[in-house]
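> Got a predicted model here, sequence first, then my questions.
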Amino acid sequence: MIEHDTIIIGAGTVGAAIAYGLVRLGSKVLLLDGAKTDFRAARANFGLVWGQGKGCGMPPYQRLTRQSIDLWADFSAELQDHAGGAALNYEQKGGLVFCLGEKAFERRIVLNSKLSEQLRDFDNLDQTPDTEMLERAELQSLMPNLRLGPEVVGASYGRRDGHVNPLRLLAMLHAAVMRLGGKLRGEHSVTAIRREAGIFVVETARGDFRAARIVIATGIAVGKLARQVGLDIPIKAQRGQILVTERVGPLLPLPCSGLRQTAEGTIMIGATHEDVGENSSTTTEASIALASKAVKIAPDLASLRLVRQWSGLRIMSPDGFPVYVESEEFPGAFVATCHSGVTLAAVHARKIAASIAAGKLSPDVLPFSHRRFHLNAAA
Ligand SMILES: Cc1cc2nc3c(=O)[nH]c(=O)nc-3n(C[C@H](O)[C@H](O)[C@H](O)COP(=O)(O)OP(=O)(O)OC[C@H]3O[C@@H](n4cnc5c(N)ncnc54)[C@H](O)[C@@H]3O)c2cc1C
């Protein structure tokens, strides 16, 4: 007899959301996490639940992101209950991308209309666009406490966008998994996966575990374990550095791409996009670049004290879009990885978890197979 229906390997935001979704459906789940020294994007991110600007060239991703955002309010309310009542601080009042200069404003108009047309053609629905452009005066009246710098021409407003406390999200997913009867084991790095008589045996230095199904969600380390179930998933790291200011009174009524005020009052400034491999150092160059851009947007931020700087590694597939796939060689072994695990947490907990519980990914998730990279390379 096996003790677990599903073992999820990797308890970051992706693995924990899928594990939560499965226990919510009554599955017996074991969630195994790695070492404290592993790279952990879930503990380094910006906290945006964000759709605007995403998915150009990949309409299924644009739709998946939108589906997730549309589930977020219900998902967060239910998660708060299941996790014991703490607040996630999820807010959905829309979000802004500032445009510095006329050219940036025009480029944004083009991107927004392209994305809007792409989704309309894909879904065959004439829907209200998710975004609108705000001229400087309108933008300034939306944020009366923040004096805009002279280069700010306007902003793109995404009505579905929002933000959340990402560390609480992770902690509450873990809490909910355990409260609903799942098991979470930290410091259980999986070293090997094998199959015996149709059952997966997952090896760790602290013992072997067995389940009918497994989900590999080990973030940046996904490639190594995926190969053991016959999947070749190319993933590379992209470093993102973030600055945090001291706490201040309300300045930013909405989250912005690159600036967001937390519920506690700190302002997060970020994040860089650096191709430096698996290197999570922080650098002075990044802090100068981030601070300079923030001050161009809002000159008064220059008077705030910076209290923290950190860096994390984004988990990037070759086209930047998620990978969800089941192994053909080892049916029952799934891989889930993406670079927007906070935004997609709701869809991971609901749709992806339901697919895994049913033993088959739903047809609309099939475009996210890693085979797209190998087909593109062969063409
Ligand atoms: C700077 C930055 C900003 C970001 N901002 C946003 C944002 O605003 N909004 C958004 O939606 N997303 C954002 N993200 C992305 C988001 O943080 C990730 O998508 C999310 O954390 C999910 O990551 P994950 O669970 O796949 O990986 P991780 O969080 O890295 O978790 C992987 C887990 O797997 C474990 N592990 C590794 N190897 C093994 C093994 N062999 N056995 C067992 N366990 C193992 C590790 O210990 C780790 O806990 C940002 C990321 C960065 C770096």
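Alright, I've got the coordinates. Numbers count the residues shown, from 1 in each chain.

> Can you tell me which residues in the stretch 101-250 of the chain are near the ligand?
Where proximity means CB under 6 Å from any ligand atom, the interface of the stretch 101-250 of the chain facing the ligand comprises Ser189, Val190, Ala217, Thr218, Gly219, Ile220, Ala221, Leu225, Gly240, Ile242. Glycine gets a C-beta too; all of them are placed from N, C-alpha and C.

> same thing but 5 Å
Taking CB under 5 Å from any ligand atom as the contact definition, the stretch 101-250 of the chain meets the ligand at Ser189, Val190, Thr218, Gly219, Ala221, Gly240.

> which residues sit in contact with the last one?
In other words, Gly240. For Gly240, the contacting residues are Ala44, Asn45, Phe46, Gly270, Ala271, Thr272, His273, Glu274, Ser311, Gly312, Leu313, Arg314, by CB atoms under 8 Å, 6 or more residues apart in numbering.

> Mark which of those are buried, thanks.
Buried residues within the contacts of Gly240, defined by neighbour count using 16 or more other CB atoms under 10 Å: Ala44, Asn45, Phe46, Gly270, Ala271, Thr272, Glu274, Ser311, Gly312, Leu313, Arg314.

> Could I get these in JSON lines, plus columns for secondary structure and distance to the ligand?
As requested, the buried ones among the contacts of Gly240 are exported to JSON lines (DSSP: H, G, I helix; E, B strand; the rest coil; distance: CB to the nearest ligand atom, whole Å):
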{"residue": "Ala44", "secondary structure": "coil", "distance to the ligand": "5"}
{"residue": "Asn45", "secondary structure": "coil", "distance to the ligand": "3"}
{"residue": "Phe46", "secondary structure": "coil", "distance to the ligand": "3"}
{"residue": "Gly270", "secondary structure": "strand", "distance to the ligand": "6"}
{"residue": "Ala271", "secondary structure": "coil", "distance to the ligand": "4"}
{"residue": "Thr272", "secondary structure": "coil", "distance to the ligand": "8"}
{"residue": "Glu274", "secondary structure": "strand", "distance to the ligand": "10"}
{"residue": "Ser311", "secondary structure": "strand", "distance to the ligand": "7"}
{"residue": "Gly312", "secondary structure": "strand", "distance to the ligand": "3"}
{"residue": "Leu313", "secondary structure": "strand", "distance to the ligand": "6"}
{"residue": "Arg314", "secondary structure": "strand", "distance to the ligand": "4"}
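
> Walk me through the domains of this protein.
Each structural domain of the chain that the record assigns through automatic domain parsing is listed here as a residue range: 4-46+166-235+318-378, 236-316.

> now the shortest one: how far from the chain's centre is it?
Which is domain 236-316. Averaged C-alpha coordinates place domain 236-316 at 17 Å from its chain's average position (CA atoms, centre = their mean, to the nearest Å).

> mind checking the end-to-end distance for it?
Domain 236-316 stretches 5 Å from its first residue to its last (CA to CA, to the nearest Å).

> Just the mean pLDDT for it, thanks.
For domain 236-316, the per-residue pLDDT values average out at 96.

> Identify the residue spatially nearest to the residue of the stretch 251-379 of the chain found nearest the ligand, adjacent ones excluded.
Distances between the stretch 251-379 of the chain and the ligand by CB to the nearest ligand atom are smallest at Gly341, namely 2.7 Å. Closest residue to Gly341 apart from its sequence neighbours, by CB to CB, 6 or more residues apart in numbering: Thr13 at 4.0 Å.

> does the one you found really touch Ser340, like I thought?
No: counting by CB atoms under 8 Å, Ser340 is not a contact partner of Thr13; they are 9.6 Å apart.

> Show the contacting residues for Phe39.
Gly219, Ile220, Ala221, Ala237, Glu278, Ser280, Gly312, Leu313.

> I meant His348, not that one.
Applying CB under 8 Å, 6+ apart, we find His348 in contact with Val14, Ala17, Ile18, Gly21, Ser68, Ala336, Gly341.

> and what of Arg108?
For Arg108, the contact set (CB under 8 Å, 6+ apart) comprises Val97, Cys99, Met133, Ser156.

> Closest residue of the protein to the ligand?
Evaluated by CB to the nearest ligand atom, the chain has Gly12 as its residue closest to the ligand, separated by 2.1 Å.

> Mind pulling up the pLDDT for that residue?
Predicted confidence (pLDDT) at Gly12: the value is 97.

> For the stretch 1-150 of the chain, which segments are assigned as helices?
13-24, 59-83, 102-123, 136-142 (DSSP state H, counting those that start in this stretch).

> tell me the angle the longest one makes with helix 102-123.
Taking axes from the mean of the first three to the mean of the last three CA atoms, to 10 degrees, helix 59-83 and helix 102-123 form an angle of 90 degrees between their directions.

> which helices and strands sit right next to helix 59-83?
helix 13-24, strand 48-49, helix 102-123, helix 166-179, helix 345-347 (3 or more CB pairs under 8 Å, 6 or more residues apart in numbering; DSSP states H and E).

> Do I have it right that Thr131 meets Ile109?
No: the pair Thr131 and Ile109 does not pass the contact test of CB under 8 Å, sitting 9.5 Å apart.

> So between the two, which is more surrounded?
Of the pair Thr131 and Ile109, Thr131 is the one with more neighbours under other CB atoms under 10 Å, namely 24 against 14.

> what about the closest residue to the more buried one other than its chain neighbours, neighbour count?
Distance criterion CB to CB, 6+ apart; nearest residue to Thr131, sequence neighbours excluded, is Asn112 at 4.5 Å. Neighbourhood size, Asn112 [other CB under 10 Å]: 21.

> ok, Asn112 touching Lys54?
No: Asn112 is not in contact with Lys54 according to CB under 8 Å; the separation is 11.4 Å.
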